[in-house]
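In: Below are the sequence and a predicted model; questions follow.
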Amino acid sequence: MTDRQRIESAIANNTGRPFSIDSQRALGGGCINDAYRIEGSGKTFFVKANSCDFLPAFSTESQALKELAATQTVRVPKVVATIDGDSQAYLILEYIDSRPSRSGNWETIGRQLAALHQIRQAHYGWGQDNLIGATPQPNPQSDNWIDFFREHRLEHQLRLCQTRGFTLPHAEQLLDVLPSFFESHTPYPSLLHGDLWSGNIAFDKAGAPFIFDPACYYGDREADLAFTEFFGGFSPAFYAAYQESLPLDSGYNERKTLYNLYHCLNHLYLFGASYAHQAEQMTKQLLSR
């Protein structure tokens, strides 16, 4: 069976109707996977493709999308199938036709994200490790958020950056004072999207929001909010709706820099020295508080 036949068979099994691909169009926007819109038998689907060894990553993404969908808080694309093909691995999802974000309903996603963040469990972490972008993200179970964030977020990224020749000045000093950022803030383990920037949110033709490309784990909800601001921020209506639904604790404006340092280090590891100065400035800002 060819990979094309495997895709057609998986869709047919999921929908309960025969499916044959009539057309396939490459989609842009991603830097990790190839992406396609496929059409046939009156249906349209979104397909991600990567090398065969990427199948575990597609499996964890599938699991995250299903877990988010089960909360009935935020909309995510429905999972159709993951496929281990001869030449590539595939993740097949519902295709949602989107519109420009400026005309989307930002208040709705603000309220929905607040509802998602009220989904909690007893421990930080997740059932398995996953990826943040193309970077391994460890998610072991932990009872202590400060320890989890220190060891499995900041120290993890610092080690990865060192493998590519990047060292963050004053990193040890920052790690030593980490508890001081949480003297008046004890976060419960909220279900997080984990990679919530403007490239991972869209709006359908009716203006209703949906999110995708998750890197889920249970952690401080502020980590999700912080990353929404890293590349310029969402609409003010989003933040107003979130704050009205689930007010933030005092000190968030300091902690958001701490949480975004994790993402800045990840970009330093993935994309190189252009993020080094920003990571150093963020560290200096945190230590000068």
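Out: Noted; the coordinates are in hand.
In: how about Gly250, phi and psi?
Out: Wrong residue type there; residue 250 is Ser, not Gly. Dihedral pair for Ser250: phi -60, psi 150, per degrees, to the nearest 10.
In: neighbours around the closest residue to it other than its chain neighbours, how many?
Out: The spatially closest residue to Ser250, leaving aside those adjacent along the chain, is Ser184, at 6.1 Å (CB to CB, 6 or more residues apart in numbering). C-betas here are computed from N, CA, C, even on glycine. When neighbours are counted by other CB atoms under 10 Å, Ser184 registers 8.
In: and if you look at Leu175?
Out: Considering only other CB under 10 Å, Leu175 is surrounded by 14 other residues.
In: Tell me the pLDDT of the residue nearest to Ser250.
Out: Among the per-residue scores, Ser184 shows a pLDDT of 90.
In: Pull the contacting residues for it.
Out: Contact analysis of Ser184 by CB atoms under 8 Å, 6 or more residues apart in numbering lists Asp249, Ser250, Gly251.
In: can you pull out the strands in the stretch 1-150 of the chain?
Out: 23-27, 34-40, 43-50, 79-84, 89-94, 98-99, 130-132, 135-137 (DSSP state E, counting those that start in this stretch).
In: any idea which of those strands scores lowest on pLDDT?
Out: Per-stretch averages of pLDDT across these put strand 98-99 at the bottom, with a mean of 85.
In: so what secondary structure elements neighbour it?
Out: Using 3 or more CB pairs under 8 Å, 6 or more residues apart in numbering; DSSP states H and E as the contact criterion, the elements in contact with strand 98-99 are strand 201-204.
In: so what's Cys31 scoring on pLDDT?
Out: 75.
In: for the strands of the stretch 1-150 of the chain, which one ends up most surrounded?
Out: Highest mean neighbour count of the strands of the stretch 1-150 of the chain: strand 89-94, a mean of 22 (counted as mean count of other CB atoms under 10 Å).
In: Contacts made by it with the rest, please.
Out: By CB under 8 Å, 6+ apart, the residues outside strand 89-94 that reach it are 3, 6-7, 10-11, 14, 33, 45-55, 58, 61-62, 65, 77-83, 212.
In: Check stretch 59-71 too.
Out: Taking CB under 8 Å, 6+ apart as the rule, stretch 59-71 contacts 74-79, 82, 91, 93, 115-116, 119, 127-131, 191, 193-194, 211-216.
In: Stretch 119-133 spans what distance, first to last residue?
Out: Terminal residues of stretch 119-133 lie 24 Å apart, using CA to CA, to the nearest Å.
In: So which bits of it are buried?
Out: Ile119, Tyr124, Gly125, Trp126, Asn130, Leu131, Ile132, Gly133 (16 or more other CB atoms under 10 Å).
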